[in-house]
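Peer 1: Could you work out the structure for the sequence below:
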Amino acid sequence: MKKKKGKTNAAFFLAPTFKKYSTLILVSFTLLLYGNTLLNDFALDDGVYIQHHQEVQQGVYGIPAIFLQGSTYGFNQMGGQQPYRPIPLASFALGKSLFNNNTVIEHAINVLLYALLGLILFQLLAHWLPSYSILLRLSIVILFLAHPIHTEVVANIKSRDEILCFLFGAYSLLYLHKFIGSKKLKHWIYSSLLFFAAILSKESGLSLVLVIPLVLYTFVGRKLVASFRILPPYLMATAVYFVLRTVVIQPETGELPNDVINNTLYGAASFAERSATIVALLGEYIRLLVIPYPLSWDYSYNQFPILNWGTTKALGALVFHLILAYWAIRGLRRRDVVGFCLLFYALTMAITSNVFFLNGATLGERFLFMPSWAFCMLIPILFTKWLQADTQRWLPKRSPIWLAVMSGLILLGTLITIDRNGDWKNNLTLFEAGVKAAPNSARVHASVAFEYKLQAQVATDVSSSRSYFEKAEAAFAKSLEIYPEFEYALYNFGVLYMEIGALDQAEVYFQRLLEAHPNHEGGLNNLGVTYFRQQNYPAAIPYFNRLLEINPIHHQALTNMGASYFNLNEMTKALPFYERALELQKNDSNTYEILSRIHNALGQPKLAAHYAALKEGLEEEFGSR
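Peer 2: Alright, predicted model coming up:
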């Protein structure tokens with residue numbers, strides 16, 4: 001039927017404008033979404049990977065060491081199981097040298113990298129969906145940019161690893177298409193190097209090894225087996241990554257602990273319970289994609305309790321995923337974009353899904369960063385198909401409905417994102433929001449309790465300090481109600497009481513801590529200090545002694561043990577502990593003073609004068625600086 005004059009689809013005329021200004025539209029929209037994060041401080045793991053990371057704080061001079069050790073070694077000097085993500089750490093080290101890790105600039109870098117990712121994804125869609133309207137392709141990218149599930153990644157400086165991983169991965173796919181079109185070897189090499197950069201940013205990029213042949217099969221038209229023939233350079237990059245990781249990260253000595261607080265699945269009593277809970281968690285990931293509210297920085301024990309196959313959540317999620325699997329296989333056979341989206345989601349979720357191995361978290365919003373791209377592709381395409389609209393040029397009677405729904409989704413996502421960004425202002429705002437979103441997480445309550453403790457210490461008036469102390473007390477109690485053996489909560493609850501001089505109550509929590517975790521160094525030392533402050537030195541000594549059996553170079557334990565014997569007037573027993581402490585810290589003037597007093601008590605005036613002189617010389621040296 002001939003169209004009436006004046007009824008021409010508006011998108012037809014707007015297409016050139018969208019194409020011309022697509023870069024401006026995407027960058028401006030990203031700035032609108034995340035501009036308010038520039039006012040945020042450091043939060044959450046920023047301390048681990050930036051503020052207190054020794055190599056990062058060395059600036060560019062620390063970059064070589066960053067590539068030669070695990071990514072958390074610079075924070076705690078501990079080997080064993082840990083991530084290997086040198087590229088984001090190197091960017092933080094560069095930021096230290098250039099602008100002292102100024103939070104405004106660091107947040108701005110995250111926002112600009114996110115905008116760049118949007119631009120690359122838009123270019124990818126030109127290869128994947130060349131016959132689709134530019135407005136449809138643009139709406140897919142805008143929907144991705146606006147999805148609130150990404151706030152944890154963009155608003156948290158540390159999560160630059162996620163952005164860089166997907167950015168390098170998307171660039172790798174883009175150069176793959178250039179290689180297919182040009183047959184120039186350099187494009188294949190660039191693609192392989194960018195893939196290597198992706199996995200050096202975060203290990204989740206490894207899933208792209210299987211995404212690459214899927215892209216060739218679906219969008220280039222290669223046969224399935226032939227699509228895998230392009231993989232050798234990517235597999236070589238993967239092998240180099242694992243060799244590097246193996247060399248720089250020393251294996252854990254002994255059996256790794258089952259960390260229930262991080263991953264609830266370690267608490268499953270059987271395979272049936274574990275599998276049912278994993279499937280239910282996969283269902284929760286889908287819910288977060290569809291309804292990204294409320295959002296939390298943490299979903300650890302016991303926000304999602306262990307389930308069995310008799311629960312609706314597990315069975316419902318199983319049925320839903322079986323349906324998705326059917327449509328994925330069906331779409332794969334037809335080289336259909338719907339099948340591609342479902343398989344892209346499954347492949348990019350595989351590493352962090354807990355299906356094949358248990359990772360360091362029960363569930364995490366950041367794990368959806370790359371997989372959500374498939375969801376944001378799928379929704380506009382399925383809606384267009386449901387409307388039976390022309391994907392190149394929408395029918396006049398259909399386009400208003402499509403535009404209204406897509407605009408509504410994008411507007412809703414924008415509002416939730418901007419609001420959620422405010423929660424990432426600092427640790428206190430983030431943890432308080434977490435209590436509302438994940439009220440059954442022991443870590444959420446313990447973390448906000450610790451922040452309240454810090455606020456109580458810096459409060460300028462007694463009333464505010466008391467209020468924060470009471471909030472901390474209640475939050476620690478709630479955390480231990482959820483998980484009575486929670487090491488972090490038990491230790492810091494004891495410290496809370498210790499700091500205000502409530503030693504009897506501090507003793508209770510340190511005792512509980514040691515019952516659950518007998519070798520906890522902080523607990524052993526602080527329980528000893530609790531008895532020491534009550535002048536019960538015989539009760540304190542066994543705990544300091546036990547700590548030194550575990551860690552013979554624990555400086556505090558050495559000085560505390562020496563002080564206990566000193567106060568008992570057992571100078572010959574106190575002496576060796578102070579001497580060992582001095583070997584560890586030669587610039588401790590207090591140790592010199594105590595050693596002088598011990599030798600004086602033992603009738604050794606020359607040695608007493610020697611240590612007194614050393615103390616005086618040390619104080620003069622540091623005083624002149």
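Peer 1: Tyr301 touches His445, doesn't it?
Peer 2: No. Using CB atoms under 8 Å, Tyr301 makes no contact with His445, being 11.2 Å away. Just so you know, the C-beta spots here come from the backbone N, C-alpha and C atoms, and that holds for glycine as well.
Peer 1: Find residues that contact each of those two.
Peer 2: Residues within reach of Tyr301 and of His445 at once, by CB atoms under 8 Å, 6 or more residues apart in numbering, are Ile482.
Peer 1: what residue is smack in the middle of the chain?
Peer 2: When CA atoms, centre = their mean is applied to the chain, the residue found nearest the centroid is Ser159 (6.1 Å).
Peer 1: confidence score at that residue?
Peer 2: On the pLDDT scale, Ser159 is placed at 96.
Peer 1: what do you get for Ile142?
Peer 2: Looking at Ile142, its pLDDT stands at 97.
Peer 1: so who does it touch?
Peer 2: With the criterion set at CB under 8 Å, 6+ apart, Ile142 makes contact with 25-26, 29, 118, 410.
Peer 1: Which of those residues fall within helices?
Peer 2: Within these, residues falling in helices by DSSP state H are 25-26, 29, 118, 410.
Peer 1: Of those residues - the most surrounded one?
Peer 2: Most neighbours among the ones in helices among the contacts of Ile142, by other CB atoms under 10 Å: Gly118, with 24 neighbours.
Peer 1: nearest spatial neighbour of that one, skipping sequence neighbours?
Peer 2: Nearest residue to Gly118, sequence neighbours excluded (CB to CB, 6 or more residues apart in numbering): Leu26, at 4.6 Å.
Peer 1: contacting residues for that neighbour?
Peer 2: 115, 118-119, 122, 138, 141-142, 145.
Peer 1: By mean pLDDT, flag the weakest helix or strand of this protein.
Peer 2: Using mean pLDDT, DSSP states H and E, helix 10-20 stands out as the lowest-scoring helix or strand of the chain, at a mean of 63.
Peer 1: hang on, the earlier thing: output the contacts of Ile142 as CSV; include the columns pLDDT and distance to Ser97.
Peer 2: As requested, the contacts of Ile142 are arranged in CSV below (pLDDT from 0 to 100; distance: CB to CB, whole Å):
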residue, pLDDT, distance to Ser97
Ile25, 94, 34
Leu26, 96, 30
Phe29, 97, 32
Gly118, 97, 28
Ile410, 96, 39
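Peer 1: just curious, which of those is nearest to Gln511?
Peer 2: The nearest member of those to Gln511, counting by CB to CB, is Gly118 at 54.1 Å.
Peer 1: Surely that closest one touches Leu145?
Peer 2: Yes. With contact defined as CB under 8 Å, Gly118 counts as touching Leu145 (5.1 Å).
Peer 1: what touches both of those two?
Peer 2: 26, 30.
Peer 1: ok, now which ones touch Arg85?
Peer 2: Counting by CB under 8 Å, 6+ apart, Arg85 touches 71, 161, 200-203.
Peer 1: 6 Å - rerun?
Peer 2: 71, 161, 201-202 (CB atoms under 6 Å, 6 or more residues apart in numbering).
Peer 1: Kindly report the same for Ala437.
Peer 2: Remark: with contacts taken as CB under 6 Å, 6+ apart, Ala437 is in contact with 294-296.
Peer 1: Just the local confidence number for it, please.
Peer 2: The model reports Ala437 with a pLDDT of 96.
Peer 1: Could you do Leu358 as well?
Peer 2: With respect to pLDDT, Leu358 scores 89.
Peer 1: quick one: what helix or strand has it in it?
Peer 2: Assessed by DSSP states H and E, Leu358 sits outside every helix and strand.
Peer 1: neighbours of Leu117, just the number please.
Peer 2: Per other CB under 10 Å, the neighbour tally for Leu117 reads 27.
Peer 1: ok, so what distance separates it from Leu24?
Peer 2: When CB to CB, to the nearest Å is the yardstick, Leu117 and Leu24 sit 16 Å from each other.
Peer 1: Let me see the contact set for the nearest residue to Asp45 once chain neighbours are set aside.
Peer 2: Nearest non-adjacent residue to Asp45, counting by CB to CB, 6+ apart: Lys158, 4.5 Å away. Each residue near Lys158 by CB under 6 Å, 6+ apart is listed here: 45-46, 49.
Peer 1: coming back round to it: farthest-apart pair in the contacts of Leu26, please.
Peer 2: For the contacts of Leu26, the farthest-apart pair by CB to CB is Ala115 and Leu138; their separation is 14.0 Å.
Peer 1: In the chain, where is pLDDT below threshold?
Peer 2: Residues of the chain that meet the criterion pLDDT under 70 lie in 1-15, 17-18, 251-258, 389-398, 619-625.
Peer 1: okay, now the domains of it?
Peer 2: 23-251+259-421, 518-625 (automatic domain parsing).
Peer 1: and of these, who's closest to Lys478?
Peer 2: Closest among these, using CB to CB: domain 23-251+259-421, at 11.9 Å.
Peer 1: now the closest one: how far from the chain's centre is it?
Peer 2: 13 Å (CA atoms, centre = their mean, to the nearest Å).
Peer 1: quick one: terminal-to-terminal distance for it?
Peer 2: Domain 23-251+259-421 has an end-to-end distance of 24 Å (CA to CA, to the nearest Å).
Peer 1: same deal with stretch 33-43?
Peer 2: Stretch 33-43 has an end-to-end distance of 19 Å (criterion: CA to CA).
Peer 1: Can you name the residues in contact with it?
Peer 2: With contact meaning CB under 6 Å, 6+ apart, stretch 33-43 is reached by 51, 103-104, 107-108, 111, 154-155, 417, 421, 424-427, 430.
Peer 1: who's in contact with Ala155?
Peer 2: Counting by CB under 6 Å, 6+ apart, Ala155 touches 37, 421, 424.
Peer 1: Those residues into CSV, with extra columns for neighbour count?
Peer 2: Listed next are the contacts of Ala155 as CSV, based on neighbours: other CB atoms under 10 Å:
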residue, neighbour count
Thr37, 24
Asn421, 22
Trp424, 24
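Peer 1: Turn these into TSV, including secondary structure and distance to Glu365.
Peer 2: What follows is the contacts of Ala155, written out as TSV (DSSP: H, G, I helix; E, B strand; the rest coil; distance: CB to CB, whole Å):
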residue	secondary structure	distance to Glu365
Thr37	helix	15
Asn421	helix	14
Trp424	coil	12
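Peer 1: of the residues you listed, closest to Leu185?
Peer 2: Thr37 (40.9 Å).
Peer 1: distance of that closest one from Thr30?
Peer 2: Counting by CB to CB, the gap from Thr37 to Thr30 is 11 Å.
Peer 1: quick one on the thing from earlier: in the contacts of stretch 33-43, find the pair that's most separated.
Peer 2: Checking these with CB to CB, the most distant pair is Gln51 and Thr417, at 25.6 Å.
Peer 1: So those two - more neighbours on which side?
Peer 2: Thr417 (25 against 16).
Peer 1: what sits against the more buried one?
Peer 2: Applying CB under 6 Å, 6+ apart, we find Thr417 in contact with 33, 148, 151.
Peer 1: List the buried residues for stretch 151-171?
Peer 2: By neighbour count on 16 or more other CB atoms under 10 Å, the buried set for stretch 151-171 is 151-171.
Peer 1: try stretch 37-56
Peer 2: Result for stretch 37-56 [16+ other CB under 10 Å]: buried residues 37-38, 40, 42-46, 48-51, 53, 55-56.
Peer 1: So which of the residues you listed is the closest to Asn551?
Peer 2: Checking these against Asn551 by CB to CB gives Val48 as the nearest, at 21.8 Å.
Peer 1: can you tell me how far that closest one sits from Pro148?
Peer 2: Taken as CB to CB, the span from Val48 to Pro148 is 25 Å.
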